[in-house]
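Chemist: could you work out the structure for the sequence below:
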Amino acid sequence: MNKPPPQEADDAALFRAAAGAVEPLPEQNRIEPHKPPRKPLPRAPAPPSAIPDTLSDFSAETAPDEFLRNGLSRMTLRKLRRGHWPVQASLDLHGNNSDAARQLLQEFLHEAAQRGLRCVLVIHGKGMNSRGGEAVLRKLARHWLTQHPHVLGYCDAQPKEGGSGAVLVLLKVIK
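Modeler: Below is the predicted model:
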């Protein structure tokens, strides 16, 4: 067997001499630890508050191709048209009826505002496949956008993003 080096033996002897006579502690009357209580099950998240349906379908006139909220500079619309703000999210309304499209648009704009998005793309289509060739969603989507409180302005999208079948929407930043 290996003997410990003389230095370690000296250290152990010094420790025993310093500690002196040691007696073990008497048996303690202790309570054994038990398992911690179970964590409560997580509750289901509260349902999101319903987004009020404040957009009207009624329009005395057709919706404009461009829109800018009162008090904003025309330069803002020019910047939007030229792609100054990158598109941060998009919504495609193709194939939805007007009620479903209105609800989807409201939810999309609400979520975009909550996330602090500045520029979004709403694709409504050109109406080429609709009855009578009338672009129903195009007209309604643009009309709804003029009514929405978070929308500062909109214009036709770039040709690569859908041209007149989509709109670039500039949103108010909510802090």
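
Chemist: which residues touch the nearest residue to Ala89 once chain neighbours are set aside?
Modeler: Sequence neighbours aside, Val120 is the residue nearest to Ala89 in space, at 4.9 Å (criterion: CB to CB, 6 or more residues apart in numbering). No exception for glycine: its C-beta is placed from N, CA and C like everyone else's. Val120 is in contact with Val87, Gln88, Ala89, Ser90, Leu91, Phe108, Leu109, Ala112, Leu168, Val169, Leu171, counting by CB atoms under 8 Å, 6 or more residues apart in numbering.

Chemist: His150 too?
Modeler: By CB under 8 Å, 6+ apart, His150 lies in contact with Leu109, His110, Ala112, Ala113, Leu171, Lys172, Ile174.

Chemist: quick one: low-confidence parts of the protein?
Modeler: Within the chain, the set of residues satisfying pLDDT under 70 comprises 1-6, 41, 43-61, 128-134, 175.

Chemist: can you pull out the helices in it?
Modeler: 6-19, 74-81, 98-114, 136-147 (DSSP state H).

Chemist: what's the closest of those to Phe67?
Modeler: The minimum distance between Phe67 and the helices of the chain falls on helix 136-147, with 5.3 Å, by CB to CB.

Chemist: tell me the buried residues in the closest one?
Modeler: Val136, Leu137, Arg138, Lys139, Leu140, Ala141, Arg142, His143, Trp144, Leu145 (16 or more other CB atoms under 10 Å).
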